[in-house]
Structure formats: structure tokens, C-alpha cells
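Q: need coordinates for the following:
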Amino acid sequence: MSSLAPPSVLSGRTEGGAVEPCRYSLALVVVAFAFSPTPAFAHASDRGHVLLLPTGYYVVGGALAVAASFLILALLPPDSLDRFWRKRLPLFAFGDGARTAVSLVSFAGFAILIAAGLFGSRDPLSNPLPLTVWTLLWVGLALLQGLAGDLWSWANPWYGPCRVVSHLFGRSQPQLLPQWLGYWPAFVLFFAFAWFELIDPAPDDPARLAWAAGAYWLLSFAAMQVFGYRDWSLRGEFLTVFFSMVAHFSIVERNGDGGLKLCWPGAKLLGAAPLPLSGVAFLLLALSSVSFDGLSKTFFWLGWFDINPLEFPGRTALIGIGSFGLALSFAVLAAVFALAVFLGQHLAGSKHSLGHAVGLLVWSIVPIALAYHFAHYLTALLVDGQYAIAALSDPFALGWNLFGTADMSIEAGVVAGAGSAWWLWNLQAGVIIAGHMLAVLVAHGLAWRLHPVPARAALSQFPLTVLMIAYTVLGLWLLATPSAG
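A: Below you'll find the model as predicted:
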């Protein structure tokens, strides 16, 4: 009989070796930096806890919960669920008048952070740039997007500067971004982003990150001048693409007239248009990269390459293995997802093309991606978020205390204590299971758009449900298994 045991707390920093960070970087100059000799940095909270779940019980329970959700949905009449999804609670309305001002403030903050990265402390736990990018932006804002809607469209640091340039120099006719490109520019940039976070030797180095983030901002700004802000944002700027896709899951819906309404989680996904192949690839990459981030640290993965996890060689030695694993994880997930949809359409005798079905059903990946994002980065958010609040009060390490938080006590015990760890890993496991159950629910709603006959819709979802059960098992195993580095 399995039992809960207190987690072993590992040191988040090693002498002479790199520790795996749980964050992403904004990077286009990633290849130029990848092989240059730099020190390696890491945050103390990164995978610092081996969460010893009672693996058998959690895995079986999670799998049964996802399977039960499929069986219940297969028996429910579509009309009842449709009425449930369509319910809305009106809130209030607001216009876009302040959007330019908010974006300009965001840009000013971004510029200060870049300066802090170049001229401030080299300690990534004291410098606000890596803490803000990795913790507040990539973790915190992504989760807020999934809850409250598209905040990024207001807070991104490009909209305001583009409006200012347009006002000062007039609007020129932008070149058309070829339709056949789809989301491929965003896909390529997101892959570079994932590669930098997972494989680059020192993505937490403040100066290194400042150059990468600054170069990415300039490249995106230039592309927006050529192709127009809207077109490049929607198909080329990967943060906007990712955040807008995640916002489809949120419980806040905004009408064209600015009115806000509350809706059920995932309700907006059911009305989403099918994505092209490039959009499908982008969403699958968002999920596979986070999954590989967890897998790449496990004893199982390292053992495949005869690497002793207790003598972790550092990130530089694993560049080739990591690059291979990142590409392989995406290819395997894409192939298995396409196969599951193909088998489902074959079982249901569908007349829709495979591309149309894949492009529609891939929206069911969004709840899973959000659940993994939450579970995987939760410890970083809880601990590094405190470091970020402290560092923002003294961005240049000059002894300032702008917000009165520079000397705040960092409570690492929020995740280190045995009692804290118990609720922490149960929360992570529960979110993963709930995310997959919501994915099954969304997939059924989308399947009814493909197959008006309920029996055929349910039959078409059987292979995809099997895949979601398998991914639930994988997610819980990644939480439970020991990790290195």
C-alpha cells in the first residue's frame, strides 16, 4: 500500500553545473548565444521538490475520472449540454480608449527591465528581468489569461509604440502577410523560445536574457511596421498567438461593443473556428514543450542516454540530447493526436476531411495545456513570485525600496514543508485531472459540430479519450517521479 511521504528538498543550485529552470525566454538570437561560454544560473525553486505521490492510486484514480467523464457525456443529450454552455451572465462594458496608454506604460516598464538586466545584479534571484519574464509574465499572466480573458492585448509592449509611430509618421499601407504562411512564423519563434528555456546553457543570466528579449522586441516591432500590427500579432508574434489561444478558455467573454459577460470555462472554445495545420502545430508544441520540460529531468530520460542523474553533467553537455528530445516530443504528440482523430472519424463514418477535424478538435488541447502550465510552474510561481516582488523595488541593486518590498522575507517554506507539499502536489494532480476532464467535455462539444448524431459523435471521441487518459497518466507520473539537476 502506497503512502504519502514528505518530499525531499534538493538544493536548487549546484557548484559548477547548471540547474534546470522552469521558464521560457524571448529569443531570436538564441543560436548565436547557445555555444558561447557563460556562467549558468538557476532559481532556487526550480524542481527543488521530488513530489512522492502514491503513484498507483493517483494514476488509476485520474484515469478512471477521465474515462467516467467520457461515459457520462456519451449518455447525456446534446441539447442539455448546449443550453449549459450558452448561459452567460452580463457584467459591464468598457471601451478601448486607455489601451494605448496601458501599452505605453508596459513598454516603459519593459525598457527599465532591459536596463536592469544589462546593468543590474547578475544574480537571477535579485534581478527583476528574469523574475518578471519567467515568473510574472510566462507563468502568472498565462494563468490570468486562461481565467480572465485577453489581458495581453492591452498589456503587450508593442501596441502603444506602434500607435505612436502611426500617429507621428502616418499610416503606410502594410504588406500582406501571405495566407499560406498561416501561424508558421509564430511556430518557429515559439520553438526557438522553448529551445532557449529548455536547452540553452544559461537562460536565467540577466544580461543574456536582456539581449535576447530586446532583440525579439525590435524584430517584432519591425515586422509590425512591414506587415501591420494586427496581422503580425495574430500570426507571427508567438506570445500574442499563445495568449489569445489560451484566452479562449477563460470565463470572461467580451462582445464587439465592449460588453463583458461571465461564461463557463471552455464555453468559448466550442464556437472557435477550425485552425489551419500551422495553428494545430502551434498548440501541440505549447503542450509538448512543457511536457518535455518535465520529462527531460527524470531519471528515466537521462537513463536512456547512460547519464547518471546523481552526477548531472550540466546543460551544456545535454544540448544535443535536449534538442533531439524537444523535437521528438512534438513529433510524437502530433502523430498520436492525428492518429486518434483519424481513427475517431473512421469509426464514426465521417465525411469531413481529416484536416478539418484535426483543426477543430485541437481546441480541446487548450484545457490540458493550461493544466500542465499551472501544475508544472506552480512552485516557481509561489517562491520566485516573492523574489520578483522584492527585486522590483530595487531593480538596479542600488539599495532602493520603491514599493517597500525590497527587504521582504522570502517564505520558501510555502512549498518546502511536509504539510505544504501535501496540499501542493494534491493541487497539482487535481488540476491535471480536471484539465483532462474539461478537455473531454470540450472535445464532445466540438464533435457534435462534426457529427449531429449523438451516437456517432460519442464514437468518434473514443480514441481521443484514450489519448487523454494516457496523457493524464503521463502528467501524474511526471509529478511523482524523481528528477535530476
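Q: could you report the pLDDT at the residue nearest the centre of the chain?
A: Residue closest to the mean C-alpha point of the chain, counted by Cα atoms, centre = their mean, is residue 373 at 5.0 Å. On pLDDT, residue 373 comes in at 92.
Q: ok, it touching residue 141?
A: No: Residue 373 lies out of contact with residue 141 (Cβ atoms under 8 Å); the separation is 10.9 Å. Placement of C-beta: from N, CA and C, glycine included.
Q: secondary structure element for the residue nearest to the centre of the chain?
A: Residue 373 is part of helix 365-393 when elements are defined by DSSP states H and E.
Q: now do the contacts for residue 475.
A: Contacts for residue 475 (Cβ atoms under 8 Å, 6 or more residues apart in numbering) come out as 291, 371, 372, 375, 432, 436.
Q: what's the answer for residue 112, then?
A: If you count contacts by Cβ under 8 Å, 6+ apart, residue 112 has them with residue 395.
Q: the one 5 residues further on too?
A: Under the criterion of Cβ under 8 Å, 6+ apart, the contact list for residue 117 reads 127, 129, 130, 206, 207, 209, 210, 213.
Q: neighbour count added to these, as CSV?
A: Converted to CSV, the contacts of residue 117 look like this (neighbours: other Cβ atoms under 10 Å):
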residue, neighbour count
127, 31
129, 28
130, 32
206, 26
207, 16
209, 30
210, 22
213, 22
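Q: okay, those residues in CSV with pLDDT, secondary structure and distance to residue 155 next?
A: Formatted as CSV, these follow (pLDDT from 0 to 100; DSSP: H, G, I helix; E, B strand; the rest coil; distance: Cβ to Cβ, whole Å):
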residue, pLDDT, secondary structure, distance to residue 155
127, 96, coil, 21
129, 97, helix, 17
130, 96, helix, 19
206, 97, helix, 22
207, 96, helix, 25
209, 97, helix, 19
210, 97, helix, 20
213, 97, helix, 15
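Q: for the longest helix anywhere in the chain, packing partners?
A: In the chain, with assignment by DSSP state H, the single longest helix is helix 418-450. Other helices and strands packing on helix 418-450, by 3 or more Cβ pairs under 8 Å, 6 or more residues apart in numbering; DSSP states H and E, are helix 55-75, helix 78-86, helix 319-348, helix 354-361, helix 365-393, helix 413-416, helix 454-460, helix 462-480.
Q: let me see the mean pLDDT of that helix.
A: Across helix 418-450, pLDDT averages out at 84.
Q: can you give me the buried ones in stretch 175-185?
A: Residues of stretch 175-185 classed as buried by neighbour count (16 or more other Cβ atoms under 10 Å): 177, 182, 183, 184, 185.
Q: just give the nearest non-adjacent residue to the fourth one, would you?
A: Here the nearest residue to residue 184 in space, its sequence neighbours aside, is residue 278; by Cβ to Cβ, 6 or more residues apart in numbering that works out to 4.6 Å.
Q: format the buried residues of stretch 175-185 as CSV; extra columns: secondary structure.
A: CSV is the format used below for these (DSSP: H, G, I helix; E, B strand; the rest coil):
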residue, secondary structure
177, coil
182, coil
183, coil
184, helix
185, helix
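Q: now tabulate the residues you listed in CSV and tack on distance to residue 233.
A: Output for the buried residues of stretch 175-185, formatted as CSV (distance: Cβ to Cβ, whole Å):
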residue, distance to residue 233
177, 11
182, 14
183, 12
184, 15
185, 11
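Q: before we move on, what SS does residue 253 have?
A: With three-state DSSP as the basis, residue 253 sits in strand.
Q: now distance to residue 224 too, for the helices and strands packed on helix 418-450, in JSON lines please.
A: Listed next are the helices and strands packed on helix 418-450 as JSON lines, based on distance: least, Cβ to Cβ, whole Å:
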{"stretch": "helix 55-75", "distance to residue 224": "41"}
{"stretch": "helix 78-86", "distance to residue 224": "35"}
{"stretch": "helix 319-348", "distance to residue 224": "27"}
{"stretch": "helix 354-361", "distance to residue 224": "26"}
{"stretch": "helix 365-393", "distance to residue 224": "26"}
{"stretch": "helix 413-416", "distance to residue 224": "40"}
{"stretch": "helix 454-460", "distance to residue 224": "40"}
{"stretch": "helix 462-480", "distance to residue 224": "36"}
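Q: tell me which of those sits nearest to residue 245.
A: Nearest to residue 245 among the helices and strands packed on helix 418-450 is helix 365-393; the distance by Cβ to Cβ comes to 6.4 Å.
Q: distance from that closest one to the middle of the chain?
A: In terms of Cα atoms, centre = their mean, to the nearest Å, the centre of helix 365-393 is set 10 Å apart from its chain centre.
Q: shift numbering so it begins at 697
A: Happy to do that; since the first residue is 697 now, the last one works out to helix 1061-1089.
Q: now do the contacts for the residue nearest to residue 784 when sequence neighbours are not counted.
A: Distances taken as Cβ to Cβ, 6+ apart put residue 957 closest to residue 784, at 4.3 Å, once the chain neighbours are dropped. Listed by Cβ under 8 Å, 6+ apart, the contact partners of residue 957 are 784, 785, 786, 787, 948, 949, 950, 951.
Q: for residue 957, give the beta-bridge partners.
A: Beta-bridge partners of residue 957, counted by DSSP bridges, are residue 786, residue 949.
Q: ok, it to residue 950 distance?
A: 8 Å (Cβ to Cβ, to the nearest Å).
Q: what do you get for residue 798?
A: Residue 798 is 15 Å from residue 950, by Cβ to Cβ.
Q: mind checking the end-to-end distance for stretch 1048-1061?
A: Start-to-end span of stretch 1048-1061 (Cα to Cα, to the nearest Å) is 20 Å.
Q: which residues of the stretch 747-896 of the chain score low on pLDDT?
A: For the stretch 747-896 of the chain, applying pLDDT under 70 flags the ranges 747-751, 753-754, 774.
Q: for the closest residue to residue 971 other than its chain neighbours, what are its contacts?
A: Excluding the flanking residues, the one nearest residue 971 by Cβ to Cβ, 6+ apart is residue 1055, at 4.5 Å. For residue 1055, the contact set (Cβ under 8 Å, 6+ apart) comprises 970, 971, 972, 973, 975, 976.
Q: and the gap between residue 1055 and residue 1137?
A: For residue 1055, the distance to residue 1137 equals 19 Å [Cβ to Cβ].
Q: same deal with residue 985?
A: 25 Å.
Q: work out the gap between stretch 1007-1017 and the centre of the chain.
A: Using Cα atoms, centre = their mean, the offset of stretch 1007-1017 from its chain centre is 24 Å.
Q: hang on, the earlier thing: between the buried residues of stretch 871-881, which is nearest residue 755?
A: Sorting those by how near they are to residue 755, with Cβ to Cβ, puts residue 879 at the top with 34.1 Å.
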